[in-house]
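Asker: okay, predicted coordinates and the sequence, questions at the end:
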Amino acid sequence: MKDPTQSYKKVHYELRPAKQVERRMMIDALQVLSEGGFPIREYQYVGMGSVYFIDFILFHRLLGIDQMISSEYDTTVAKRVEFNKPFGFVDVQVAPVGDVIPTLSADKRHLLWLDYDATLSRSQLQDIALATTYLTRSSILFVTIDIEPPTDTDSPQEWKEYFLEEAPDYLDLGTPNSAFARSQLPKRNVELIEKAIRTGLLGRSDVDFIPLFNFLYKDTHQMVTIGGMIGGPAERRKIRGSALTDAFYYRPSFREEPCVITVPLLTRKERQYLDGFMPCSDSWIPEDFEMSSELVLAYREIYRFCPSYAELLL
Amino acid sequence: MTTHNANAYPRKHFFFEMFTRDISLEDCILDLIDNSIDGLIRTRKIEISGSLLNGNSGRKTSDKHKLPKIEISYSSRRFEISDTCGGISRDDALNDVFNFGHGPGEVSGSLGVYGIGLKRAIFKIGSQFEMTSRTKDEGFFVSLNVKKWTEQDEKLEDWRIPLKFVKGADSEEAAGTTIEIRDLRPEVEMRINDGVLAQRLYAIISQSYALFIDKYVRIVLNGRAVEPLHIPIAESTQVKSALDEYVDGDVRVRLFASLAASAPNKEWPAEPAGWYAVCNGRVVVAADKTDLTGWGTLGFRQFHDGKHRKFVGVAFFESKNLLALPWTTTKRGLYRESPVYLHARNRMIGVARPIIKFLDSIYQDGPEDAKGREIANQVRRIPLSAIAAKPPSAFSVGFAKRRRPKTTVSIQYDAEQSDVERIRTYLKKPGWSAWRIGKHTFDYFLKTECPR
């Protein structure tokens, strides 16, 4: 099994603006679903909290979720993870998430975030299939993966070979190398995740996977996050009837282009200025400093979710 | 436009000649045993769902002889199966037993699904049969030359079988059914004389009815009592089995998995390892190591004879709706397109994964990890009922927290090769490794210079 990359040792999780925007958008979606009749507050959150637990803190504070499990793969930091858990009710389980999924209660609805910081591998696809095998009806699944080229070379053929090795059940040997060109990697990764989702749902004739969003973003590496709900016609109706369908990031199918999260590099002063005009019209650009229309529109999409960073002397 | 009706009649010849080709002799005999067991379940009102895993499997030897019995015997001239499983009522005989297939909603037993097993077995085995069945209060008798019966096939009335009523058995213990088939087909006679049928049949019966034999019924094959196969699922104080339990439509599913107990010779042969699938108590798949039970699919490991021979799992399916169970028509396989099976297979992978990871970890780089091996060696066989009595949980291994203090130290040093060779020559041990020479010289010094 491929080890997680331990990115928490490289990057402080709080300082990844695009990731933070993504988290805020997820919370927005969950709040909308809550208004739409899904009791998100009563869901059990299952995540990979590492030592920072950012998502745990946000989901508890902003959504009121108070049943939480954090799966920690690395046994050498078990005490550190337990020490850093932000709330007493967080149940830290020192086991790979694939071992935790089959033990999830069949009596609860779950919000499971498979938040990987590595390129897609065999064990991750297995986790995804396990998730859709076990998750109860109305449960929500998020999957995040690194979609940078999986090898150090610049060869789509080698990248294809990597995926053939890691996902032999899901890839056709006849797929051309061009399907693994760098620009195609987001699509290929999402396809593989979707196939693993379908595999897990085999035999579950009463439910399907209802896509909700598909984010593409980059702090250091390009990442993709897909999200959706395990549900049947009733859940589908509720989602269609909710305000989520109006959200710009809503994606009812993974065939649609992903929602690209771009966080423009702005000074605090620029942000304050821009916020005064948000949400702006399609053609608006600031008069007092240079900023392309493209970046303005990108900012318009994310300004509600964008974090502010400042030094805090404690 | 005038509508004309084309004939779509059944033909006896098809049932007699063609219908019997797609099933083995062994499976036909199992169909007959299924009928006997269904009779037992029906007449003794056994609630299979509640009792198969109720922990009452350790029946004393003396009690076994009081159990109803199914006896199968055959020679190159005749085949007979008789049971004391309660018999068939006249009403059932007149209206159901000899029909070819059940009508909608007519399935009533636990093992007999399609209502063809008896007829197919008789047609497969020979052309003359006699059947006597007695309940406590009434009975019937049939004697039929099947070949002659098939020749008359002009109208629906020709699809009837003459019965004679006979007296009942007077007691529930004596009630039962006997079927004798003569004029065996040449191919059946050939199988009977092939020298391996008896042993093969014994193994299949022992496996298929492992959960019934000596608990509800005794099965005797050619005078030899069939012993049930014991599924070697095991536990210890440190090793806890996995149990996953859920309901899928009309089917209740329980998945058990753990380490395997050793064979009596303290070895772990690969043969009994793998997944077992049980439908309404009948073992339909035994010790499977293929993709049928998830091995080598969806990123899950292939079964490895060396590493995984200590894995055993049981997928237990129960339902009153026999068509909802994921068994094949022969009931010796899993129906790959069944949604119940497909979902169970995915969950079997989830249940097995921690066990396979543990087994892989104790075989890292070849030699077994001593601590893991010790844990795996200490497990003892446990009845499924004992696991079923506990709440669902994942497989777990509790490693002892306190390690024994280490009392040894590793010694490593360089020596001239020529010196090592001189010692080898002196000792007349040209094959000894440098490590062995070092150990020998250390031990020699310890013994001669530092005696206790």
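Answerer: Now that the structure is in, tell me what you want to look at.

Asker: contacts and neighbour counts: CA atoms only from here.
Answerer: OK.

Asker: chain center to stretch A:77-89: distance?
Answerer: Averaging C-alpha positions (C-alpha atoms, centre = their mean, to the nearest Å) puts stretch A:77-89 22 Å from its chain's average.

Asker: mind listing what's buried in it?
Answerer: By neighbour count with 16 or more other C-alpha atoms under 10 Å in any protein chain shown, stretch A:77-89 contains the buried residues A:A78, A:V81, A:E82, A:K85, A:P86.

Asker: doesn't the second one belong to a helix?
Answerer: Meaning A:V81. Yes - counting by DSSP: H, G, I helix; E, B strand; the rest coil, A:V81 falls inside a helix.

Asker: for it, give me its contacts.
Answerer: Shown here is A:V81, whose contacts under the criterion C-alpha atoms under 8 Å, 6 or more residues apart in numbering or on different chains are A:S50, A:V51, A:E72, A:V92.

Asker: and with 7 Å instead?
Answerer: Contacts for A:V81 (C-alpha atoms under 7 Å, 6 or more residues apart in numbering or on different chains) come out as A:S50, A:V51.

Asker: quick check, stretch B:324-333 touching chain A?
Answerer: No - contact of stretch B:324-333 with chain A is not found when judged by C-alpha under 7 Å from any C-alpha of the partner chain; the minimum separation is 11.1 Å.

Asker: span of that stretch from start to end?
Answerer: One end of stretch B:324-333 to the other measures 14 Å (C-alpha to C-alpha, to the nearest Å).

Asker: so what touches it?
Answerer: Contacts for stretch B:324-333 (C-alpha under 7 Å, 6+ apart): B:27, B:250-251, B:279, B:284-285, B:317, B:319, B:334-335, B:338, B:340-341.

Asker: near chain B, which residues of the stretch 201-314 of chain A?
Answerer: So far as C-alpha under 7 Å from any C-alpha goes, the stretch 201-314 of chain A lies against chain B at A:L202, A:G203, A:R204.

Asker: re the thing from before, the contacts of stretch B:324-333: which ones sit near chain A?
Answerer: Among the contacts of stretch B:324-333, the ones lying near chain A by C-alpha under 7 Å from any C-alpha are B:V340.

Asker: can you select the buried ones from the contacts of stretch B:324-333 in ChimeraX?
Answerer: In ChimeraX, this line selects whichever of the contacts of stretch B:324-333 come out buried by 16+ other C-alpha under 10 Å:
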select /B:27,251,279,284,285,317,319,334,335,338,340,341
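
Asker: in helices, which of the contacts of stretch B:324-333 fall?
Answerer: Among those, the ones falling in helices (DSSP state H) are B:D27, B:V340, B:Y341.

Asker: give me the below-cutoff pLDDT ranges for the chain.
Answerer: No chain specified, so I'll use chain A. Chain A contains residues with pLDDT under 70 at A:1-14, A:314.

Asker: nope, chain B please
Answerer: Residues of chain B meeting the criterion pLDDT under 70: B:49-50, B:54-62, B:105-109, B:364-369, B:400-406.

Asker: residues from it in reach of chain A?
Answerer: Going by C-alpha under 7 Å from any C-alpha, the residues of chain B near chain A are B:298-299, B:339-340, B:342-343, B:346-347, B:350-351, B:354, B:393-394.

Asker: measure B:H230 to chain A for me?
Answerer: To chain A, B:H230 is 27 Å away according to C-alpha to the nearest C-alpha, to the nearest Å.

Asker: how about the nearest residue to that residue, chain neighbours excluded?
Answerer: Closest residue to B:H230 apart from its sequence neighbours, by C-alpha to C-alpha, 6 or more residues apart in numbering or on different chains: B:A210 at 6.9 Å.

Asker: distance-wise, check the closest residue to chain B within chain A relative to A:K195.
Answerer: Closest contact between chain A and chain B, by C-alpha to the nearest C-alpha, is at A:G203 (3.6 Å). Per C-alpha to C-alpha, A:G203 is found 14 Å from A:K195.

Asker: and B:F140, by the same measure?
Answerer: Distance, B:F140 to A:K195, using C-alpha to C-alpha: 58 Å.

Asker: more crowded one of these two?
Answerer: The residue with more neighbours, out of B:F140 and A:K195, is B:F140; 22 against 19, by other C-alpha atoms under 10 Å in any protein chain shown.

Asker: which parts of the stretch 101-250 of chain B are helices?
Answerer: B:117-125, B:146-151, B:186-192, B:197-208 (DSSP state H, counting those that start in this stretch).

Asker: same for the last one, what does it pack against?
Answerer: To tie it back to what came earlier, the one meant is helix B:197-208. Helix B:197-208 sits against strand B:282-288, with contacts defined as 3 or more C-alpha pairs under 7 Å, 6 or more residues apart in numbering or on different chains; DSSP states H and E.

Asker: outside of the strand it packs on, which residues touch it?
Answerer: Here strand B:282-288 makes contact (C-alpha under 7 Å, 6+ apart) with B:207-209, B:271-278, B:331-333.

Asker: now the buried members of those.
Answerer: B:207-209, B:272-278, B:331-333.

Asker: got phi/psi on B:S258?
Answerer: B:S258 has phi and psi values of phi -170, psi -160 when expressed as degrees, to the nearest 10.

Asker: would you mind measuring from the closest residue to it other than its chain neighbours to chain A?
Answerer: Nearest non-adjacent residue to B:S258, counting by C-alpha to C-alpha, 6+ apart: B:S241, 4.6 Å away. Using C-alpha to the nearest C-alpha, B:S241 is found at 13 Å from chain A.

Asker: was I right to think B:S241 contacts B:A260?
Answerer: No - applying C-alpha atoms under 7 Å as the test, B:S241 and B:A260 come out as separate, 10.2 Å apart.

Asker: shared neighbours, these two?
Answerer: With C-alpha under 7 Å, 6+ apart, B:S241 and B:A260 have no common neighbours.

Asker: one step back: so which of the buried ones among the contacts of strand B:282-288 comes closest to A:E301?
Answerer: When the buried ones among the contacts of strand B:282-288 are ranked by distance to A:E301 (C-alpha to C-alpha), B:W275 comes first, at 52.2 Å.

Asker: bridged to the closest one, which residues?
Answerer: B:W275 has the following beta-bridge partners by DSSP bridges: B:D288, B:G313.

Asker: tell me how far the ends of stretch B:271-286 are from each other?
Answerer: End-to-end distance of stretch B:271-286 (C-alpha to C-alpha): 10 Å.

Asker: please disregard the earlier target; I meant stretch A:173-183.
Answerer: 20 Å.

Asker: next one: stretch A:166-175
Answerer: Distance across stretch A:166-175, first residue to last, is 15 Å (C-alpha to C-alpha).

Asker: stretch B:355-374 now?
Answerer: So stretch B:355-374: terminal residues 15 Å apart, C-alpha to C-alpha.

Asker: could I get the buried residue list for that stretch?
Answerer: Neighbour-count burial for stretch B:355-374 [16+ other C-alpha under 10 Å]: B:I355, B:I356, B:F358, B:L359, B:D360, B:I362, B:Y363, B:E368, B:G372.

Asker: so what's the last one closest to, chain neighbours aside?
Answerer: Pointing back at B:G372 there. What sits nearest to B:G372 in space, not counting adjacent residues and going by C-alpha to C-alpha, 6+ apart, is B:I362, at 5.3 Å.
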